[in-house]
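Enquirer: Pasted the sequence and its predicted model underneath.
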Amino acid sequence: MTELDCMLIANPNGKAWEFALEIYKTLKKKSEKFHINEMHVQKFRDNEVKTKIKDNVRQKKCFFIHDSSKNPSEWFLELLLVNETLKNSSAYEVNDILPYLKFSRQDRKDESRVPISARVVADCISQYASRVITADVHSPQIQGFYRIPFDNLYTSPVIMSHLKNNHPEILENLVIMSPDAGGADRAKSFAKRMGTEYFVIGYKYRKTAGEVTEFKLLGDVNEKNVLIIDDMIDSGNSLVEASKKAKEHGSKKVYAYATHGLFSENAKEKLTKEFDRIFVSNSIPQQNYENIESVSLVDLFSEAIYRTNEGLSLSELFR
């Protein structure tokens, strides 16, 4: 079979364009098969949306790099329209690159008469796309909702490398902490990769979504640096409570890393007052803000796209 050209597709007017360009530059050094293409969004007077791909994609392996900063409704609609556009334009493959997979928190019925939104998204994407590549999805079990290959990239090697190269002082006498029991496996895995078996779990109780009413700590943080690991920061309330509790128990300095920085409402203001430093990836494009440091996932996604195209193992990235 003749080798097919690979097309990276992104919206030049969106916040993911720079991310896509950096991936393209990285991939172009590896292979001449990679090209970049533009996706444009037109809105009618009533805000109805129309998507258009600028250049020919017929018999191309297409990788659509979506903008995670869009509100969930626009993100979902544009994703489906682009997927249908590519499939209807005879693309050989449609690979969705979704740095932050929205609706992943709604992976089950937590009360009566509500949808399992993660499954709705999975059903719709599976209708058109050939594959999904994302990072640190909130609920890994939703991979079972998809009828197509689903690659969940782990960002722990990226942040560990960043800390070792730029903030080695943080690693001294370090404890990894999960802000809740649900993230215990993530924290344990991170601690192993960091070379320490020691980690702490927080227990939180919520009466309403986003509001922590009780927080307890399981483990010892006295006279230690604490790095709290989570998959996302939304309101920031859980992290603030976790940091306060760690300080009450004698921690020296408290840091946080979350893959996806949503930062709703005044989350940044609350968090920067409480933490010595916060790290987030650029899965959602971030603006500079005091004490919040963005860590690039360009190399991770570039290598994942390259390996996917070449039929190489992705698990090798995390060994």
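Expert: That came through fine.

Enquirer: hey, let's count contacts and neighbours off CA atoms from now on
Expert: Will do.

Enquirer: nearest residue to residue 26 other than its sequence neighbours?
Expert: Distances taken as C-alpha to C-alpha, 6 or more residues apart in numbering put residue 302 closest to residue 26, at 6.6 Å, once the chain neighbours are dropped.

Enquirer: tally of neighbours for the one you found?
Expert: Residues within reach of residue 302, counting by other C-alpha atoms under 10 Å, total 20.

Enquirer: how much space between it and residue 157?
Expert: Counting by C-alpha to C-alpha, to the nearest Å, the gap from residue 302 to residue 157 is 15 Å.

Enquirer: For residue 158, give me its contacts.
Expert: 295, 297, 300 (C-alpha atoms under 8 Å, 6 or more residues apart in numbering).

Enquirer: what about the last one, helix or strand, and which?
Expert: Counting by DSSP states H and E, the element that carries residue 300 is helix 298-310.

Enquirer: picking up where we left off before, who's in contact with the residue nearest to residue 26?
Expert: The neighbourhood of residue 302, defined by C-alpha under 8 Å, 6+ apart, consists of 23, 24, 26, 27.

Enquirer: could you redo these as CSV and give each row secondary structure?
Expert: Shown next, in CSV, are the contacts of residue 302 (DSSP: H, G, I helix; E, B strand; the rest coil):
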residue, secondary structure
23, helix
24, helix
26, helix
27, helix
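
Enquirer: Between those, which sits nearest residue 243?
Expert: Taking C-alpha to C-alpha as the measure, residue 23 is the one of those closest to residue 243, at 34.9 Å.

Enquirer: The closest one against residue 301, yeah?
Expert: Yes. Because the distance of 7.3 Å satisfies C-alpha atoms under 8 Å, residue 23 is recorded as touching residue 301.

Enquirer: Make sure residue 241 is indeed in a helix.
Expert: Yes. Counting by three-state DSSP, residue 241 is found in a helix.

Enquirer: separation between it and residue 230?
Expert: According to C-alpha to C-alpha, residue 241 stands 13 Å off from residue 230.

Enquirer: do the same with residue 314
Expert: 23 Å.

Enquirer: out of these two, which sits in the more crowded spot?
Expert: Shown here are residue 314 and residue 230; by other C-alpha under 10 Å, residue 230 has more neighbours (25 against 17).

Enquirer: Look at the more buried one and report its pLDDT.
Expert: If you check residue 230, the pLDDT there is 93.

Enquirer: again, but for residue 253
Expert: In the prediction, the pLDDT value recorded for residue 253 is 96.

Enquirer: again, but for residue 206
Expert: pLDDT recorded at residue 206 is 59.

Enquirer: what's the span of stretch 40-51, first residue to last?
Expert: Start-to-end, stretch 40-51 (C-alpha to C-alpha) is 6 Å.

Enquirer: ok, and what's touching that stretch?
Expert: If you take C-alpha under 8 Å, 6+ apart as the criterion, stretch 40-51 is touched by 11, 12, 13, 39, 52, 53, 54, 78, 81, 82, 85.

Enquirer: Buried ones only from those residues, please, as a ChimeraX command.
Expert: Per 16 or more other C-alpha atoms under 10 Å, the buried members of the contacts of stretch 40-51 correspond to this ChimeraX selection:
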select :11,12,39,53,78,81,82,85
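
Enquirer: Just send the contacts of stretch 40-51 back as JSON lines, with distance to residue 174, pLDDT and secondary structure too.
Expert: Converted to JSON lines, these look like this (distance: C-alpha to C-alpha, whole Å; pLDDT from 0 to 100; DSSP: H, G, I helix; E, B strand; the rest coil):
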{"residue": "11", "distance to residue 174": "41", "pLDDT": "98", "secondary structure": "coil"}
{"residue": "12", "distance to residue 174": "41", "pLDDT": "98", "secondary structure": "coil"}
{"residue": "13", "distance to residue 174": "42", "pLDDT": "96", "secondary structure": "coil"}
{"residue": "39", "distance to residue 174": "45", "pLDDT": "98", "secondary structure": "strand"}
{"residue": "52", "distance to residue 174": "49", "pLDDT": "97", "secondary structure": "strand"}
{"residue": "53", "distance to residue 174": "48", "pLDDT": "98", "secondary structure": "strand"}
{"residue": "54", "distance to residue 174": "50", "pLDDT": "97", "secondary structure": "coil"}
{"residue": "78", "distance to residue 174": "42", "pLDDT": "98", "secondary structure": "helix"}
{"residue": "81", "distance to residue 174": "46", "pLDDT": "98", "secondary structure": "helix"}
{"residue": "82", "distance to residue 174": "45", "pLDDT": "98", "secondary structure": "helix"}
{"residue": "85", "distance to residue 174": "49", "pLDDT": "97", "secondary structure": "helix"}
